[in-house]
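A.B. asks: Pasting the sequence and the predicted model now:
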Amino acid sequence: MIEKRPGFNRRKFLSATAATGAVAALPAIPGCSSAKKAKVVIVGGGFGGATCAKYISLADPDIEITLIERNRNFVTCPFSNSVIGGFKKMSAITHSYEGLLDRGINVLIDSVTAIDSAAHEVTLASGDRLSYDRLVLSPGIDMIWNAIEGYDEAAAQIMPHAWKAGPQTILLRNQLEAMKDGGLVVISAPEYPYRCPPAPYERASLIAHYLARHKPRSKIIILDAKDKYTKQPLFEEGWRRLYPQGMIEWVAGGKGGRVTGVDPLTKTFFSDGGALKADVGNVVPPQQAAAIARLAGVVDDDEWCRIDPLTFESKTVKNIHVLGDACVAGAMPKSGFSANNQGKVTAAALVALLNGREVGEPFFLNTCYSLLSPDYGISINAAYRATPAGIVALLGSGATSPLDAPDSVRKDAAKYAGGWYASITGEMFTKG
Amino acid sequence: MPVKPPAHFFLIAVSLVMIFAASASAEETIAVPKVGIIATTCTTCHGEDGRSPGSIPSLAGKGRQDIIDKLRAFKSGDRPSTIMGRIMVPFDEGGIDELATYFAARTK
C-alpha cells in the first residue's frame, strides 16, 4: 500500500502510475484502515466520469472509486473554439486530476483493454486487473472513419476535426494562422446525433472573429448535412450584428450541404452541390460511442448505448452504467452539461444501490452557452425527468435567449458562459 | 438487465400526468422529492455546494428568504435575467422553498 505521507509528490505519483501501471494498491482514503464496502470503477475522466467519481466520493466515502483515464490531463471541448478563435490559450482549457487524487479517488493513467462483465473485471493496458461491483463507462465519442469517403485518421491530420480537444485543436488553430488573407475556410457539420449540437456554428462564429480582425477578405462556408440547426435564428442574427455581410455562409443539407466525401490532398469537399476546395478544411464527421463501449458489449445497432433512465445502467449488460455522449439520454443533447448532470444522477443511483437503498427520481438540467464573439453569448436550456420510457424534457422548460436583445444582454451571457465553465470544471477537478 | 424502477416512480409519473390533465398550463413543474439531486443541477453553474469560483453568483449561505425572493422574481419576470427566468419555469413554490432552504444551509 502506498501511504500518503508528508512530501509525497502527486505529480510524481501520476507519472509513476503511468510508467509502472501500479494499480489497485492505492488506498482511496489514505490512513483509513477500514475495508471499503464496494468498488466502483469509472472509465473516462471527462464531464461524466470525473463528475460521477467526485459525487460518489462526496456521498459515500466508504466506496472505493477508481477512475481510469488515458490522458494525463483533460482538455475540454467547451471553450476549445475560443482557442481556435485565438483568444484563449490551451492552458486555460487543460485540467489535471490531482484534485480528485487528493480527495482519495484512485486515478490511473491507463487504458482498458478488456472487460469481463461476468467476472466483474477490467483489464488494463499495463496488464493489471481491477475488480468492480459497478462499472461506469463515460468514454465519449469516436469518429466513424470513412463515413465521409476519404476521411480517415490520416486525413484528419490534414483536415482536422478538432472534435476532441487537444492536438487537433492546435492543428486547426495553426492552419488558420497560416492561411492567407482571402482564404476559404470550410466546415462540414454532420447529421444528428453528434457531440455538442451548436458547436459547429459557434466555431464558425469564433473563426469569423479572428478573420474579421486579421484576414478580413476571407470567408467561411458551413456545409451542413442538416436543413436546420439549434439556435439558428440567434446565430444568424449574431453574424449580421458582428461580422461583415457574407463572411459566414451556411449551406443546408437539401441545398448541397451534405458532404459525402473529401480529398485531403487538395482539401476538397464533395457534396450534392459539387466540389469545394478549401484553404482550411474542418471536417466534423459522423460519430459513435467510443470503442470501449463496443468492447464492453453495450452498444446497439446504431453504435450508441441504451440505458435505464433511472440509473444509467446499460440495457444490455448488468452492472455496467454508461453516461455522457456515448449513451442515448432521450431528449438530452450530447453536451458537457448533460454529462455532468448524468454523472451526478448516476453517482446518486450507485450510492443508493450499493447501500441497499431505493433509487431516487432523477432530475436533469442542460444549458448550452455558445459564444459568437468573446463578448457575445447566447444560450439554450431545458429541464428533463426520467420516465419508464426514457428521459423527456419537461413541458415548457426548453427555451433560448431572446432575439433582438441588446448587446449588454449578450455580453452578460458571455460572462456567465465563462462562469459556468469555472463552476463545472471546479466541480470536476477540485478537491472540494 | 435494467434495474426495476421503484414502485413510487410510477406513482409520481402517474400523478404528474394527472396534474397536466387537470391543468390548462403548458408548463410542467417538477416534484422535489430529492432536493439534493435537484440542487446539484444548480451547482453546475453556481459552483459546488453553491460556492461559485467565477462570475456566476454563489448561493451558499445566502439568506433563505433572499433566495426565495430572487427565484420568485426570476420566475415571474419581475427581475430581468439572461437565463434564470427560463431556468425557473419547472420550479413551483414548493421547489423554490426547498432549494432556498438547501442552499441557505450550505457553508459560504
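C.D. replies: That came in fine, so what should we check first?

A.B. asks: Can you give me the pLDDT of the closest residue to chain B within the stretch 201-350 of chain A?
C.D. replies: Among the residues of the stretch 201-350 of chain A, A:D308 lies closest to chain B, at 3.8 Å counting by C-beta to the nearest C-beta. To be clear about C-beta, it is placed using only N, CA and C from the backbone, and glycine gets the same treatment. pLDDT for A:D308: 97.

A.B. asks: Check the spacing between it and A:D301 real quick.
C.D. replies: Distance, A:D308 to A:D301, by C-beta to C-beta, to the nearest Å: 19 Å.

A.B. asks: Which residue of these two possesses the greater neighbour count?
C.D. replies: Taking other C-beta atoms under 10 Å in any protein chain shown, A:D308 and A:D301 do not tie; A:D308 has more neighbours (21 against 5).

A.B. asks: On the pLDDT front, check the one residue in chain B that gets nearest to chain A for me.
C.D. replies: Per C-beta to the nearest C-beta, B:G54 is where chain B lies closest to chain A, at 3.0 Å. What the model reports for B:G54 is a pLDDT of 97.

A.B. asks: what's A:A155 sitting at in phi/psi?
C.D. replies: Taking degrees, to the nearest 10, you get phi -60, psi -30 for the backbone angles of A:A155.

A.B. asks: wait, it sits on A:P264?
C.D. replies: Yes: applying C-beta atoms under 8 Å as the test, A:A155 and A:P264 come out as touching, 4.0 Å apart.

A.B. asks: between those two, which one's more packed in?
C.D. replies: Using other C-beta under 10 Å, the more surrounded residue of A:A155 and A:P264 is A:A155, with 22 against 17.

A.B. asks: Against chain B, how distant is that one?
C.D. replies: 36 Å (C-beta to the nearest C-beta, to the nearest Å).

A.B. asks: Buried residues in stretch A:274-283, which are they?
C.D. replies: Buried residues in stretch A:274-283, defined by neighbour count with 16 or more other C-beta atoms under 10 Å in any protein chain shown: A:276, A:278-283.

A.B. asks: Report the two of these separated the most.
C.D. replies: A:D279 and A:V283 (14.2 Å; C-beta to C-beta).

A.B. asks: before we move on, back to that, tell me which element the residue of chain B closest to chain A falls in.
C.D. replies: Using DSSP states H and E, B:G54 maps to neither a helix nor a strand.

A.B. asks: Nearest residue to it in space, ignoring adjacent ones along the chain?
C.D. replies: Spatially, and ignoring its direct neighbours in sequence, B:G54 is nearest to A:A422 (3.0 Å; C-beta to C-beta, 6 or more residues apart in numbering or on different chains).

A.B. asks: any low-confidence regions in the chain?
C.D. replies: Assuming you mean chain A. A:1-35 (pLDDT under 70).

A.B. asks: my question was about chain B
C.D. replies: B:1-26, B:30-35.

A.B. asks: Mind jotting down where the strands sit in it?
C.D. replies: Shown for chain B, no strands are assigned by DSSP state E.

A.B. asks: Wasn't A:S408 part of a helix?
C.D. replies: Yes: counting by DSSP: H, G, I helix; E, B strand; the rest coil, A:S408 is located in a helix.

A.B. asks: Confirm A:T113 sits in a strand?
C.D. replies: Yes: judged by three-state DSSP, A:T113 forms part of a strand.

A.B. asks: distance of it from A:Y192?
C.D. replies: Using C-beta to C-beta, A:T113 is found at 32 Å from A:Y192.

A.B. asks: pretty sure A:G45 is in a strand, no?
C.D. replies: No: secondary structure of A:G45, determined by three-state DSSP: coil, with no strand assignment.

A.B. asks: count of neighbours near it?
C.D. replies: 28.

A.B. asks: Could you pull up the residues touching it?
C.D. replies: A:G45 sits next to A:53, A:67-69, A:71, A:74, A:97, A:100, A:107 when contact means C-beta atoms under 8 Å, 6 or more residues apart in numbering or on different chains.

A.B. asks: again with B:S52
C.D. replies: A:419, A:422-423, B:45-46, B:58-59.

A.B. asks: how many neighbours does residue 37 have?
C.D. replies: I'll assume chain A. For A:K37, the count of nearby residues is 12 (other C-beta under 10 Å).

A.B. asks: Chain B was what I was after
C.D. replies: With other C-beta under 10 Å as criterion, B:I37 counts 20.

A.B. asks: what's the distance between it and A:Y55?
C.D. replies: As judged by C-beta to C-beta, B:I37 and A:Y55 stand 10 Å apart.

A.B. asks: what is in contact with these two at once?
C.D. replies: Here B:I37 and A:Y55 have A:344, A:348 as joint contacts, going by C-beta under 8 Å, 6+ apart.

A.B. asks: Which strand or helix spans A:L58?
C.D. replies: Under the criterion of DSSP H and E, A:L58 resides in helix A:47-59.

A.B. asks: Which neighbouring elements make contact with that helix?
C.D. replies: If contacts are counted by 3 or more C-beta pairs under 8 Å, 6 or more residues apart in numbering or on different chains; DSSP states H and E, helix A:47-59 sits against strand A:38-43, strand A:63-69, helix A:98-102, helix A:336-354, helix A:407-429.

A.B. asks: got these as CSV, with distance to B:F103 and mean neighbour count columns?
C.D. replies: Formatted as CSV, the helices and strands packed on helix A:47-59 follow (distance: least, C-beta to C-beta, whole Å; neighbours: other C-beta atoms under 10 Å in any protein chain shown):
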stretch, distance to B:F103, mean neighbour count
strand A:38-43, 28, 26
strand A:63-69, 26, 23
helix A:98-102, 23, 19
helix A:336-354, 16, 27
helix A:407-429, 14, 21
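
A.B. asks: For the ones you listed, give me a markdown table that also has distance to A:K318.
C.D. replies: Shown next, in a markdown table, are those (distance: least, C-beta to C-beta, whole Å):
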| stretch | distance to A:K318 |
| --- | --- |
| strand A:38-43 | 15 |
| strand A:63-69 | 18 |
| helix A:98-102 | 27 |
| helix A:336-354 | 11 |
| helix A:407-429 | 28 |
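
A.B. asks: Quick one, which of these gets closest to A:R129.
C.D. replies: Among the helices and strands packed on helix A:47-59, strand A:38-43 comes nearest to A:R129, with 10.7 Å by C-beta to C-beta.

A.B. asks: Now do the closest one against helix A:336-354, angle only.
C.D. replies: Computed by axes from the mean of the first three to the mean of the last three C-alpha atoms, to 10 degrees, the angle separating strand A:38-43 from helix A:336-354 equals 160 degrees.

A.B. asks: Also compute the angle for strand A:38-43 relative to helix A:47-59, please.
C.D. replies: Orientation of strand A:38-43 against helix A:47-59 (the same axes, to 10 degrees) gives an angle of 160 degrees.

A.B. asks: neighbouring contacts of strand A:38-43?
C.D. replies: Here strand A:38-43 makes contact (C-beta under 8 Å, 6+ apart) with A:49, A:52-53, A:56, A:62-68, A:112, A:122, A:130-139, A:292, A:350, A:354.

A.B. asks: Give the partner strands of it in its sheet and their orientations.
C.D. replies: strand A:63-69 (parallel), strand A:134-137 (parallel) (DSSP bridges).
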